[in-house]
Each structure stands twice: as structure tokens, then as C-alpha cells.
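Chemist: This is a predicted model, with the sequence first.
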Amino acid sequence: MDTKVSPDQVIDAQQVGRSVPRMEGAAKVTGRAEYIHNLRLPGVLHGKVFRSRIAHGRILSIDTSAARAVAGVHSVVTGEDIRRIIPEPYYGPAFHDQPILALDKVRYVGEPVAAVLAADPHVAEYAAGLITAEYEELPAVFNEVEAATSSICVHDELKPAITFPDLKHLKGKRNTNVALDYKLRRGDVSAAFASAAHVFEHEFHTQHIMHTPFEPFVALAEPLDDSVTIHSSSQMPAYVRLEIARLLGWPENKVRARTAYLGGGFGAKVYVKIEPLVVALALLARRPVKMSLTMEEQFYVIGKHATTFRIKSAITADGRIAARKCEVFWNGGAYADIGPRVSQKSGFTSTGPYQIECAEIDSAEIYTNLPPAGAFRGFGIPQLVWAYESHTDIIARALKIDPLEFRRRNILHDGQEHPTGTVMRDAEFDEVLVRIAARMGWDAPFDRGTGTKRRGRGIAIGVKASIAPTTSFALVNVSADGSAVLFCNTIDMGQASNTANAQLVAEVLGIPAERVKVTQADTDVTPFDMGTLGSRSMFHMGHAVRLAAEHARTQLEALCAEGGLTYTGEQSVAQAFRKKFGMQAGNIFGVGHYTSRYQPADPATGMSKEVTPFWMIGGTGIELEVDTETGHVTILRMVNVVDAGRAINPRVVETQISGAALMQLGQTMTEEMVFSSAGELTNPSLAYYKIPGIHDMPATIENEAVEAETRNGPFGSKGVGESGTFGVSPAIANAIDDAVGVRLYSLPLTPESIYRAICAARGEPLED
Amino acid sequence: MIPFELLEPRTLPEALGMLADDDTAVRPIGGGTALMLMMKASVFVPRRLVSLRGLGEALGRIELDAEGALCLGGTATLAALEASDLVRAHAPVITRALPHLSNVRVRHVATVGGALAHADPHMDLPTILAALDARVRIAGPAGHRTLPVDELITGYYETALARNEIITGVTIPAASAGKAAYIKCTTRAADDWPALGVAVNLACSAGRIDAARVVIGAATDKPTRVSGAEAALRGATFSGSTLDHAVTEAVRDAVAREVAYTSDAQGSAAYKRQLARVHIVRTLTAALEG
């Protein structure tokens, strides 16, 4: 909040659409912003975890005696100890499948088996290293396609949580690794393939990825008389409260979850992660307990699904997509987390942003003996776009149709039906393609390079639905001097949501955005919100904030009228309060809430008339150069264009587009969690798991949000945190094909994989 | 990390006295950029670390000796090398390579001696120093000795150093100052350890190469001289930065044939061999361009 801005400076001037500087910017660059990582409490114990070194096995014994004997160790806790306070210590948003500490079995290398508490974290770490466990090793399964039909089962029985009614039918299912199999059946797919002029079929792969937030998972639990406070770096404090209360059998109001700024989340910090363990340890020890995972440990908590995507299209003689069959296998790892939602809510967009009359989708979440996979910026969409936009490009090139023209011929327009049966509204697909092409000069001659440096260019476009239905609540508190505080659970983890929400309050109240304060989430005071994920907050919380501010304004106008005053912002309010209460006293509370509309899918067809409240659209154009002797790629130009509706804060929208695109660039070129044949992660460190640095950035990056309005969105806006990711990977692969005539089917696109493809294409494959 | 003893000697004899030849948990520490990572990962658990930081006065200098050879102190930081006018004048190949050699935070603490003693094959400096015919100065309880860089490093993380010896510096003979170049090739992010390092140093007169040193690093267990390539270059003529096609082919062939490439996370041996075939020519061109 900037108190230097005078209260009556911007009365009735537009607050929405203004590039208000980030409210937290100065605090962050001067090191004053609060992070849970820096929180210190007196008497705190530090928890360190002993992890499984095998991928699958029955626990025979755990020897904690050496750890207990270390001077300074407070206690050592195993899964059985946790049963003393939580009889059913299994958690998870979709399935109650994940034990707080391993019970009976371990299911992946890195799974927490025991925890050591000590006042000195170094002592705890040392002692954790002295714990040993004996296992009866079981055969393990790692590949998602193999696991789909394997007789090796990661879990004996499926245990769906009650949260999602459409998972109920899976309860008690045995002898399977398929946690959820979403199916879409539309039209006569067989007939369309039988009469097709051309049929194309390909298989694509994506790799395991880690979110690498620079603030690793951290949580601190503080047991009080009859309640517990959890300070956590979480994207979902309301869910933390709900799930901890469920585990403990307590009412929600005995659990307080609060956050500060997050040093990045990207989907890693949704639902609960280390919070159940930290709470259990604190309640057992009756002392505050803090756990700060290392960057290395993060790799064993949650990641992004590796996938196999088999895609097949029927094309008519005039170059239209008549039918598409999609078979997607999502490698969910050993615990479901929110993976089943990824395979369903993103799975139903597997056919891409195209007019396709006949479609068939099978999108399955598969358990394997690898670290769990869940939400990750894009929620599964980048894996899908990678496949369907590579496939689409191959088709266009094979049919000698310009890739832009082929896409525009088939792209969905407003009023047309998406294969799920939902009619497209406020979805500027064609405009996104047009703007990418215009910026790239698609019709102009292109320098294709010479000698060993060959140039190419490619485009790609993707679509995402919002998770629905979800609910947000907001509360605006106006004090007697007329200043306003917004209470909401949307977590600012770098996306400037506090600034955007302040702009909404300010717009409605007719005051400068800089005068609005936004609190950090604290479930004792901030009202419910489903969580900060899936780019849902601008739309859902935006509506709730707008409604809360409108509710406050109605009351403020009435208060002014009661005192014979006209509402003109803060100063008129201050006068009205003084008139009514005889002094500077009192509050006005404005409350608002919003639930998105949604119609559940028909279980037989997987279709729904209302599958999402809004569509996210993003496309990328790439110009690059390939060194044909080494396979090295230099990205010369990256053009990212999205439909973000109306931008509440244009500068923030631009940084969200570029941030998302560059994150996806790393996952396209360098990032990969590499596992040994025994399921051990071989590179759990930023030294060996390579995220891109400044020298890996494209020479030129252009970002654009097209002119658009989301008619059902708050002030015409919609979410934009992920749209920049969609087109990046396939646009690069398409440009490589354009440059050197080779096609890559697996990420990441390493120089060696490109060079090998070049050698293979000229009939001189490089030896292994 | 559990507590350990950290000693900070002020003189070389004092430091040598604190080391032990029979205890793997006692080690000298320079900038600590490699050792600290090993300690964080519990790969190395020290009982005692002997910090060489206090020896900077004696061991941190960059100077010319009586014969005009460039002497880099063992505790001189990479950043000090980067900023040194003497280095720029006598071994510009080092100055040019340094900005690409680890990040600026590492360069400000990592030392010349540490880069050599660590003997991680994925380092740049040892390959460059080997091409410059540098000799490593070593102090131990029995006195001082010197070794060529390519004899100091004996294998993958292995050196000819005894546990109670300290690298006091590196000497680059004046006679070795030729047309030199180094190319670092990474295969993951740009900011990474090299998958391949190629260093060449050519003594030239009037359009003719009189002698050549060609060293391949990172893609091998240790910096490796390529004698076939050196032989092919000896006596070769060049115009501008171009060598005869037959010479470059012979060099490429020797680099591909003579060197044992290793497969790891940065690439297969076959791919690294190809990278070496390509980058040896690019390095020669860069050297001749000066």
C-alpha cells in the first residue's frame, strides 16, 4: 500500500486497465517481504526426514536406535507413531492414498519413512542419516504405459476421497494402477476414419519435471492449548485447514493456516504437502516444529507428469480434421495427489482447439513407483499441446498446406462446439494465430541460413479449460477513516494478485488502487477460497472481490446519504462515520462470493454443455537456428500471444506471459528428472537438473495479449498465469523440422537428440 | 552437516603441519565451491578443514618470475585472474575463457589450486593450463616439487597429490605463449559444466605452425593431449585463419580416434566424439584468428 498517494487523488478515474506497480515490489527488492522460510519461533524443533532408498517394498523393520542415541535428538517418529494421534494417517485431495510417513510399504525412492526432531537442524539431519530400514523388496513398475496393464500394483486398493463425487465409483477397486480413466466419445469415429482421405498416427512423450520454486517447501506447526496453527508456504490455506481438521477429527475452527509471500509455487504447493507431517510431529512433541526442505528434497515431493500420448487423425480431401483419437497415459507416480484431476480436466481438451466432429479420448492417470506428479503450471495442458500441435504440424507439412493456413482452416470460432459439447464463448483462437503470424511476418520471405547453420520457424496454439466448479469468498473492510482492507485467500506467489485485487476494490470504491491494503491469507480471518491454482483466481476471486467491494460501496453510499453527504471516496466516508458515531469509529464490511457454473460430464460420453466458465488460449511463434554439426539450437525470436480477456494490469499480464513461456522453454530444452532402472533419481540437484539461465533466453521475446473481453469475467478479465506455456514446446519442434527436416517426438529437445535425428535422416545413424 | 574443526593457518609451514597423510577426513579448503557441495550431499564428511584463505599474501599473487614465466598463486581466485593485466598480456586465452567458466559468485571465491586439486574432469581451467604447458608447484612435508598439469591429474577425480601436500601455484613458461584458444561446449543449459573443452596452443612463425599443443577435456576422464593432432599440425601452413583441408581432416581424425570419450548425463561418447571433431576445427580457427 502506498500512503503517499493522496486519498482523493483518483476519484472515479479508471483503476482497471492501469499498470499499477506491484504493491510488494519495494519490500521484495529490499529484502523486507515476509516469507515463512524466515519465520523463527522460540522452542522450535527442526524435522528432518529419512527416505526410502528402494522403489517398492514391504517394510520389515525400521531401526531408529542409532538416531535416538545422538546427543541433541529430541525424538524419532515413524508411521506407526503417527497412528497414536491420527488413526487413519492417509491424505490426498483425490484419493486418501498417501501415508504421512510410510506404513507397511514404501512405493518410491525418496518416500518419507521416519522423521527426526532436534533443536539443531544439523543434528536432526545427521541422525536421520543413521536410521536404517529392512524391506522385502517387491517388483516395481515405472513406465506409464507398462503400468496401465501391469500385474505389479502400486496400491492394493483404490481409496477415493469424498471431495470429488465423480471418483466414487472407483472405491474399493483392486488389481489396477489406473487411478482414473476419463473417456470422451463423440460421433462415429470409426466411420470417419474409414472414409478419411488421409490418416496420421503418432506417439509423443514428455519427461518428468520438477517445479523448482526457489523457496522450497516449508511449514511450521505450532500446537496451542486445544488448537494448532500452521505457518506454511501454501497455495491453498483453506484446504490445509480442511484436510488437517479431517485428519485430526477436529472442527475446522481449531486449525489455523496462514501464509506469507511465496517464493514461487507453480502448482507444487497446492493441497497439502509437508503440512500433515509437520502437524503430526508438533502434536507428538508438544513443541513447535519446523521443516524446511532442501532444494534436493523437493524432487521427492511432487513433480510434473511424464506422459505418453498416442494421437491419430482422419483428414478429409480438403484438409479438414474429420476425427481424432487420443490416448493419453499420465505417469502419476506412487500417490495420486491431484493427478486424476489433471488427467480428466485437461484430458478432455486432448483434441486441441479445433473443429472436430468425431472424437475419442482415453486419458488415464496411472500409478507407478516414481515420485508423485500433480498440478504444474498449465495443469497437463503443455504435455497435450506438445503432442497435438506437433501432430498437427506434421499433417500440414505432409499435405503441403501452410501450417498457419491448416490451423486457421480447422480452428474453433465463437459459437462453435468444442468436442466436449461446450459452445465456445469469448475464445479468440483465430485472432491469436493472426497476431503471431503478423508479428513474425509469416508471409514475408524468410532467411533459411546457409552451410551448417540452418534456420526455421514454427507456430503452435493450445487451449485450457478452468477447473470448475470452484468457489471464492472475499471480504472488504472499510475503516472509519475511509481506508479499505481486502481479506482474501488468494496467495501472491509472484503473480501480483494482491495488486490486481486491490485494483478491483479501488475501481468499485472509486479510490486509488495504491490506497487499498490486501492482507496475507490467514484462515482465522480471511474467508474461504478453493485455492490459488489453474489461473482461476483472476476470474473467481476477481468476481468475489468485485461483489464484496460493490456490497461495501452500497453500504457506504447509504451511510453518506444518512449523514446528508454525497459519496466521493475516502474523505466523504470519514465524514459520514464521524457524523454517525460521533468520533472516528466503526466499520463497513462488504462480502462477496462466487461459484463458477458447471455441468458434470455425462458418464457415458464424457460430454458436458458447460465444462468450463472460460477458456484460456495461448500460442507461440519461434524462429531458430540449428547447428547441423552439433544439433545445438539458438532461439532467435519467440513471439507469445494469448487471449487474457481484458487486462486488469497490462504490465503484469505481459510478465505472466513471458514468465510462463520461459518456464516452458526450460522444460522444452534442458529440464529432465532422470531415473535409473531401479527408479532412483540420478539428478536431484540444480547442479544436474538444469533450469535455463539468462544465456539460454531467446535473443528476442515479444509478448502480446490480444484485444479481447471475457463477457462473464470480472471487468472482462480472465486468468493468464499459464497461457504462455501452451505453444512453446511444439513451436520449437516445428521450427526445428522447418530448419533441418527432422521430427522429434520426445522432450527435452537436447542437442544430442537433434543431432541423432539429423544423422538418422541422412541414413548414417550415430552409434549408441 | 555435523560439526568439524576449521583451522585457519597464516603461513604455509603451519598449514602443512595441520594436514595429515593418513586421514581422508582432513582436507585443505580453498574457495570451497566444490567441497561445500560434496559436504552438503554428505559425500564428504570432514573431521578437519584447513582453510588456505589466510595464505593469500604468499600464495595469492599473480606475477612474472625471473625467466618471464607467468606465475599464478595457488589461492589466487578466478576473478583475480580475470582482472589481471599480467594474465591478459601473457595468457589472454585464460582471460577470454573466464567469463564463461562458472558464474561470477563462484569465480570470486574459487581458486586456481582448488580447480586443479579437485580434478573433476568437468572443469575448464586444467584443460587450458595443460595446453599452455603449465607446471604445478606443490609443497609438502618433504619440500617443494613441480609437475606438469597433465601429470598432476591422473584420472577421474584423481591426482598425484599426497594428502598432506598443497598446490602453491602454477607456472606458465614464457616460451609457451603462442596463438591459443579454448572452446567450452555445454549440452544442457548454457551455464553448466562443459560436456567438452578443447584447448589449442600454436607456436607460429610466418604463416607456419612450428609446434602445437592440443588438449581435450571434460569429455574424458582427465585432460588429454592428442599427439596425432599435434603431429598433424606441426609444420602446417595457414593463410588467415584457414588451414589446409588435409591438415584439418587429419586433426579431426586424430581427435576422434585417439581420445577415450566417456558417456554421462551430458551426452554419449559417440556424440562427444562428434562434438570434438567439430570443435577442434572451430578452436583452431579461433586460435589463428587470435
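Modeler: Looks like it came in fine. Computed from a predicted structure; not experimentally measured.
Chemist: Could you pull up the residues touching A:Val740?
Modeler: A:454, A:456, A:626, A:628, A:754, A:758, A:761 (CB atoms under 8 Å, 6 or more residues apart in numbering or on different chains). C-beta here means a position set from N, CA and C on the backbone, and glycine is covered the same way.
Chemist: Provide the secondary structure category for the first one.
Modeler: Just to be clear, that refers to A:Arg454. Three-state call for A:Arg454 (DSSP: H, G, I helix; E, B strand; the rest coil): strand.
Chemist: For the stretch 101-250 of chain A, list the residues in contact with chain B, please.
Modeler: Residues of the stretch 101-250 of chain A found near chain B, taking CB under 8 Å from any CB of the partner chain as the criterion, are A:122-123, A:125-126, A:129.
Chemist: ok, now with 7 Å
Modeler: Proximity of the stretch 101-250 of chain A to chain B (CB under 7 Å from any CB of the partner chain) is limited to residues A:122, A:126, A:129.
Chemist: do chain A as well
Modeler: Going by CB under 7 Å from any CB, the residues of chain A near chain B are A:122, A:126, A:129, A:629-630, A:670, A:674, A:683, A:687-688, A:690-693, A:695-696, A:750-752, A:755, A:766-768.
Chemist: can you tell me which of those are in strands?
Modeler: Judged by DSSP state E, the residues of chain A next to chain B include no members of strands.
Chemist: Filter the residues you listed down to the buried ones.
Modeler: A:126, A:129, A:629-630, A:670, A:683, A:690-692, A:696, A:750-752, A:755, A:766 (16 or more other CB atoms under 10 Å in any protein chain shown).
Chemist: Show me which pair in those residues is furthest apart.
Modeler: By the measure CB to CB, A:Tyr126 and A:Glu629 form the most distant pair in those, at 49.7 Å.
Chemist: who does the longest helix belonging to chain B touch, helix- and strand-wise?
Modeler: Counting by DSSP state H, the longest helix found in chain B is helix B:269-289. Contact analysis of helix B:269-289 by 3 or more CB pairs under 7 Å, 6 or more residues apart in numbering or on different chains; DSSP states H and E lists helix A:751-761, strand B:179-185, strand B:196-205, helix B:245-258 as its packing neighbours.
Chemist: Tell me what angle the shortest one forms with strand B:196-205.
Modeler: Read that as strand B:179-185. Angle of strand B:179-185 versus strand B:196-205, following axes from the mean of the first three to the mean of the last three CA atoms, to 10 degrees, is 170 degrees.
Chemist: Can you give the contact residues for strand B:179-185?
Modeler: Residues outside strand B:179-185 that contact it (CB atoms under 7 Å, 6 or more residues apart in numbering or on different chains): B:93, B:97, B:100, B:124, B:128, B:131-132, B:194-202, B:204, B:275, B:279, B:282-283, B:286-288, B:290.
Chemist: which neighbours does it have in its sheet, and in what orientation?
Modeler: Here strand B:179-185 is paired, per DSSP bridges, with strand B:196-205 (antiparallel).
Chemist: Quick check: closest non-adjacent residue to A:Glu111.
Modeler: The spatial neighbour of A:Glu111 that comes closest, neighbours along the chain excluded (CB to CB, 6 or more residues apart in numbering or on different chains), is A:Ser52 at 4.4 Å.
Chemist: ok and the residue in chain A nearest chain B?
Modeler: For chain A and chain B, the shortest gap (CB to the nearest CB) falls at A:His695, measuring 3.6 Å.
Chemist: From A:Thr670, how far off is the closest residue to that residue other than its chain neighbours?
Modeler: In space, not counting the residues next to it along the chain, A:His695 is nearest to B:Ala190; the distance is 3.6 Å by CB to CB, 6+ apart. Between B:Ala190 and A:Thr670 the computed distance is 9 Å (CB to CB, to the nearest Å).
Chemist: just B:Ala203 next, same as before
Modeler: 39 Å.
Chemist: Which single residue of the stretch 151-290 of chain B ends up nearest chain A?
Modeler: B:Ala190 (3.6 Å).
Chemist: doesn't A:Gly693 make contact with that residue?
Modeler: Yes. Assessed by CB atoms under 7 Å, B:Ala190 is found in contact with A:Gly693 at 6.1 Å.
Chemist: mind showing which ranges of the chain have poor pLDDT?
Modeler: Using chain A here. Residues of chain A meeting the criterion pLDDT under 70: A:1-13.
Chemist: let's do chain B instead
Modeler: Those would be B:1, if you go by pLDDT under 70 across chain B.
Chemist: One more pass at 50, please.
Modeler: Chain B contains no residues with pLDDT under 50.
Chemist: Up against chain A, what does it have?
Modeler: B:1-2, B:37, B:42, B:187-192, B:265, B:267-268, B:270-271, B:274-275, B:278.
Chemist: what about burial for the residues you listed, which qualify?
Modeler: By 16+ other CB under 10 Å, the residues of chain B next to chain A give B:2, B:187-189, B:191-192, B:267-268, B:270-271, B:274-275, B:278 as buried.
Chemist: from these, which is closest to A:Pro112?
Modeler: B:Ile2 (21.4 Å).
Chemist: Surely the closest one forms part of a helix?
Modeler: No. Using three-state DSSP, the assignment for B:Ile2 is coil, not a helix.
Chemist: correct me, but it touches A:His122?
Modeler: Yes. Using CB under 7 Å, B:Ile2 makes contact with A:His122 at a distance of 6.1 Å.
Chemist: Pretty sure B:Ala117 sits against B:Ile166.
Modeler: No. Contact criterion CB under 7 Å: B:Ala117 and B:Ile166 do not qualify, at 8.4 Å.
Chemist: Sweet, I'm off.
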